[in-house]
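**Q** Provided below are the primary sequence and the corresponding predicted coordinates.
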Amino acid sequence: MNDLFQAMGIGITTLFQPDTMLYLISAVIISLIFGIIPGISAMTSMPLALPFIFRMTPEVALPFLVGLCSAGMTGGAISAILLNVPGTPGNAATVIDGYPMTQKGEGNRAIGAAVTASMTGGVFSVILSIAMIPIVLPIIMLFNMPELLFTIILGLAFMAVMTGKSKIKGLVSGGVGLLISFIGFQAVTGQERFAFGTVFLYDGLDITAICLGLFGVAELMEMHIKGQTSIVQTKLKGTLSQTIQGAKDVWHHKWLWFRSTIIGYIVGVIPGIGATTSCFVAYGQAKQLSKNPEKFGTGCVEGVIAPQSSDNANNGGSLLTTMALGIPGDAMMAILLGGFLLVGVIPGPTMLTERLPLAYTLLLAIVFANIIGGVICFFSARYMVKLTSISLDFLFPLLIVIILVGAFVTVNNIANIIVVIITGLIGFIGHRFGYPRPTLLLGFIMGPLFEKYFFHSLLLHGPWFFLTPICGIITALIIGTFSYPYLRKAFTKQPARV
Amino acid sequence: MRKRKLFTVLGGACLILLIVALSLTTACAPAVSTAAEFFKGKTIDIIVPHGAGATYDLQVRAVAPILANHLGAYTTIKNLGGGGGLEGFNGIFDAKPDGLTLGYVQLQVPLLNNLMDAPGIKYDISKYSVIGGGTSEGMVFVISAVKPYKSVADLKAAKNLKLGAIGVLGNYALCTVTVPYALDLDAKVLAGLADKDYFPAMIRGEIDGGAQIDTGALVRLKQGAHRVLFAFGEKRLPSFPDLPAITELVNLPQEKKDLFSMWVNELGPGGGFVGPPGLPKDKIEFLQAAWEKSCKDPTVIKVFEDAAGYSKLPWLSKKDWESRIEKGLKRKAEIKGTFEKLTKQYFLKM
């Protein structure tokens, strides 16, 4: 125990060295800016940073990289809430209620809630990581392919929750998402599907392009056709008190925040699922367990708190797995892993024994990155909401350019711009006829994961692969979550009729 | 009205004069006489057919700034890893042969794509302009650390082994499928795993083992993910000097020995700095000299060694690269036929 505290002390001291702190703060600011600009995220900034870290010591280089990947989701929430364009794919769930809040004149409050939920979710995930250092490996060992499959089924199940007014239209939309997710090479058999011999489509469609098209381009088209002159018709009064109200909302919904953070953290620890999945699962459970589920989608602050806390909590979990096992949970962590190797640090069990002070430095770097990023966004929220009052004559071309450039930069291929435009058309037409966009996105994200883990489970474990305790627990969770509203209704005493 | 007409005429005249002046400047510009003069101040795009953060991406990001100094140019890295790197390989092949678009590739992957006639290929690896080699690597066979198998004899005695491989027709899958065939194992191969699924499955023991590139296997060994059982080929690897080669452990018939050796010789992994077909000789020589100087830089060597996990890395020369490609392509029909047969026999199928 003394060794643990000693290592933590060294970790804190290292983090507060002037050069480490300076690089961390710079990284947070860069990350926020990249996160706010749709399509350009840490996935763009991190590779650019790699050549700069060659000559740095690990104690300076790695917190810098961690800072780059920690604050982006917080920044991405701003564009999701104010412009209906998710800054990162993980912010797609925030759009569902964040943007309607802006349209209702509560943009400031939404940002306050999002930033507070992100910041506290990120910080709490680090506390969980520190507590879980001794047990992370046994937890990862429990989740084989069948368990991962059932986790994906849990995510898919929440499609039913997000269908909106028409369940059939919601499921059709989800089916379209599943269908377009099949484009490319099938992971297990190598069979080409719907790629028509085009190398660009071999890896499937890019999720960033889908998000930018479905939400960004579609919404801009909607505004243009309606003849809107700005995003909100009345000038939003940005006041600090409204932002503080958003922060208070997180405290009022502290159990929701807690559940969503745990969901994000667990998904982060288990490699192979991804932050975007956890955001939608968090959103789904928030709606399902809410006393007012009908308000979701119309500008409900719970619909902002849940995905944002989950998104940032994911970071703490996936960093622990990356450090402890050298297994990156997503593409961003894969680049971070490259950074580890570049500065001569081998991630693995030795990180949590011989290099424990460095491990603490990195975990604490997430804490400070989240706090610094959160504070910057919190106090600048009232200025940022003024974006919504800018005339669309100026904002429209600027946003279109940013969206299209973001789509190009993600995969370095101009064909991605065509994907954005086509998806934008699909999103616009679908929205017009009542087909919800979030279910399409959920189907797109979950489809390949479901197929991959299903095949792998069947091939490795045979037809009875699902007979495991954890699969049973997840099944019970799905049944429990979906029967909860009915059970609550049945057991709530009806007022006596007079 | 008159004033407006006058200004319009004057403006038009200025514009015409400007166009003529620019054309004359271009026409009279002195011809670039040397490769060094050509590259001075220009920007060179280096295409990497891998995602950002992959080993080859890290290597080229280390070399690029130093290469830029030696060339007197600027360098940018473009990650075109789509389609398993096909986007990048095709992109390098289709680029204008002026030296401003080059590529850093892992030899094994584009060669295998060519040999197996993978869909979507537009390039011919024998036509790339080879500028220089990167580090040479070997292939090893690993067993999950939680599995009890410690020798080839244990593997032969085991029933229903499940080996794993990243990708379907790439180097990992085809190398892995060599093992059950050559050693007569009761084993099947689950191909098509992604990186982020393969290593956790290895750690959990969900797959029993698989073939890996030696540098990656060394890093994972230090993480405690697996044990390394043998090296492919007939010689020991510099990365694992104490690890026996398969031919030291088992007496194999010549045909099967050749199959293992192929993964060291014709299909041995290693980096290469290449350009599109038709790159002029003087530019190749200039780039080659700059590449060789850059790869001797202590910073670059340190980065390569840190990424690999050991020091004194073997390097491929331009000649080694060209020789491997030539030998591999000569045996195309045989290699393709063999692996089509093995994948049919050993891949796990629905």
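**A** All right, it came through fine.
**Q** Any buried residues in stretch A:125-141, and which?
**A** Within stretch A:125-141, the residues scored as buried using 16 or more other C-beta atoms under 10 Å in any protein chain shown are A:125-126, A:128-130, A:132-133, A:136-137, A:140. Every residue, glycine included, has its C-beta placed from N, CA and C.
**Q** The residues you listed in helices, which ones?
**A** A:125-126, A:128-130, A:132, A:136-137, A:140 (DSSP state H).
**Q** filter the residues you listed down to the ones near chain B?
**A** residue A:140 (C-beta under 8 Å from any C-beta of the partner chain).
**Q** Between the buried residues of stretch A:125-141, which sits nearest residue A:213?
**A** residue A:125 (30.6 Å; C-beta to C-beta).
**Q** Can you tell me the closest non-neighbouring residue to the closest one?
**A** Leaving aside its chain neighbours, residue A:125 sits nearest to residue A:316 (2.8 Å; criterion: C-beta to C-beta, 6 or more residues apart in numbering or on different chains).
**Q** quick one: pLDDT of that neighbour?
**A** The model reports residue A:316 with a pLDDT of 87.
**Q** SS state for it?
**A** helix (DSSP: H, G, I helix; E, B strand; the rest coil).
**Q** count of residues packed around residue A:392?
**A** Residue A:392 has 17 neighbours, counted by other C-beta atoms under 10 Å in any protein chain shown.
**Q** Pretty sure it sits against residue A:228.
**A** Yes. At 6.2 Å, residue A:392 counts as touching residue A:228 under the criterion of C-beta atoms under 8 Å.
**Q** Spatially, and excluding backbone neighbours, which residue is closest to residue B:327.
**A** In space, residue B:327 is closest to residue B:266, 4.7 Å off (C-beta to C-beta, 6+ apart).
**Q** Helix, strand, or coil at the one you found?
**A** What three-state DSSP gives for residue B:266 is coil.
**Q** picking that back up, in a markdown table: the ones in helices among the buried residues of stretch A:125-141, plus pLDDT and distance to residue A:10.
**A** Conversion of those to a markdown table gives the following (pLDDT from 0 to 100; distance: C-beta to C-beta, whole Å):
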| residue | pLDDT | distance to residue A:10 |
| --- | --- | --- |
| A:125 | 94 | 22 |
| A:126 | 93 | 17 |
| A:128 | 92 | 21 |
| A:129 | 90 | 17 |
| A:130 | 87 | 14 |
| A:132 | 83 | 20 |
| A:136 | 80 | 21 |
| A:137 | 78 | 23 |
| A:140 | 80 | 27 |
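**Q** And the ones in helices among the buried residues of stretch A:125-141, which is closest to chain B?
**A** Distance to chain B, by C-beta to the nearest C-beta, is smallest for residue A:140 among these, at 6.5 Å.
**Q** Now do the strands in chain B.
**A** B:43-48, B:74-79, B:101-106, B:129-136, B:139-144, B:161-166, B:187-193, B:209-213, B:226-231, B:270-275 (DSSP state E).
**Q** From the contact counts, what lies against the shortest one?
**A** The one in question is strand B:209-213. Judged by 3 or more C-beta pairs under 8 Å, 6 or more residues apart in numbering or on different chains; DSSP states H and E, the packing partners of strand B:209-213 are strand B:139-144, strand B:161-166, helix B:171-183, helix B:195-204.
**Q** Kindly format the C-alpha coordinates of it as CSV.
**A** Output of strand B:209-213 as CSV, limited to C-alpha atoms (Å, rounded to 0.1, in the frame of the first residue of the first chain):
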residue,chain,number,x,y,z
GLY,B,209,-1.6,-19.5,-31.1
GLY,B,210,-0.6,-18.1,-34.5
ALA,B,211,2.2,-16.8,-36.6
GLN,B,212,3.4,-13.3,-36.1
ILE,B,213,6.2,-10.9,-37.2
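**Q** And for it, what's in contact with it?
**A** The contact list for strand B:209-213 (C-beta atoms under 8 Å, 6 or more residues apart in numbering or on different chains) reads B:137-144, B:147, B:149, B:161, B:163-165, B:171-172, B:175-176, B:178-179, B:189, B:198, B:202, B:220, B:226, B:229, B:232, B:263, B:269.
**Q** what subset of those residues is also close to chain A?
**A** Among these, the residues lying close to chain A (C-beta under 8 Å from any C-beta) are residue B:220.
**Q** Please tell me how far residue B:213 sits from residue B:163.
**A** 16 Å (C-beta to C-beta, to the nearest Å).
**Q** Show me which of these two is the more surrounded one.
**A** Taking neighbours as other C-beta under 10 Å, residue B:213 and residue B:163 compare with residue B:163 leading, 26 against 22.
**Q** what bridges to the more buried one?
**A** Counting by DSSP bridges, residue B:163 forms beta bridges with residue B:189, residue B:209.
**Q** OK, contacts around it?
**A** Applying C-beta under 8 Å, 6+ apart to residue B:163 gives the contacts B:176, B:179-180, B:187-190, B:207-210.
**Q** pLDDT score assigned to residue B:20?
**A** Note for residue B:20: predicted pLDDT of 65.
**Q** So for residue A:306, which of the strands of chain B sits nearest?
**A** Nearest to residue A:306, of the strands of chain B and by C-beta to C-beta, is strand B:187-193 at 32.1 Å.
**Q** from the middle of its chain, how far away would that closest one be?
**A** 22 Å (C-alpha atoms, centre = their mean, to the nearest Å).
**Q** And for stretch B:207-220?
**A** Computed by C-alpha atoms, centre = their mean, the chain-centroid distance of stretch B:207-220 equals 17 Å.
**Q** what about it, start to end distance?
**A** 15 Å (C-alpha to C-alpha, to the nearest Å).
**Q** Now do it, average pLDDT.
**A** In this model, stretch B:207-220 has a mean pLDDT of 91.
**Q** Show me which residues of the stretch 201-350 of chain B are close to chain A?
**A** So far as C-beta under 8 Å from any C-beta goes, the stretch 201-350 of chain B lies against chain A at B:201, B:203-204, B:206-207, B:219-220, B:222-225, B:299, B:302-303, B:306-307, B:309, B:348-350.
**Q** Look at residue A:473 and say how many residues are nearby.
**A** 12.
**Q** would it count as being in a helix?
**A** Yes. Assessed with three-state DSSP, residue A:473 lies in a helix.
**Q** Quickly note the distance from it to residue A:243.
**A** Taking C-beta to C-beta, one finds residue A:473 at 39 Å from residue A:243.
**Q** which residues does residue 315 contact?
**A** Let's take chain A. Residue A:315 makes contact with A:69-70, A:73, A:122, A:125, A:268, A:275, A:366, according to C-beta under 8 Å, 6+ apart.
**Q** Not quite, go with chain B.
**A** B:133-136, B:295.
**Q** what packs against the least confident helix or strand in chain A by mean pLDDT?
**A** Taking mean pLDDT, DSSP states H and E as the measure, helix A:42-49 is the helix or strand of chain A with the lowest mean score, a mean of 78. With contacts defined as 3+ C-beta pairs under 8 Å, 6+ apart, helix A:42-49 has these neighbours: helix A:18-36, helix A:58-70, helix A:331-342, helix A:392-411.
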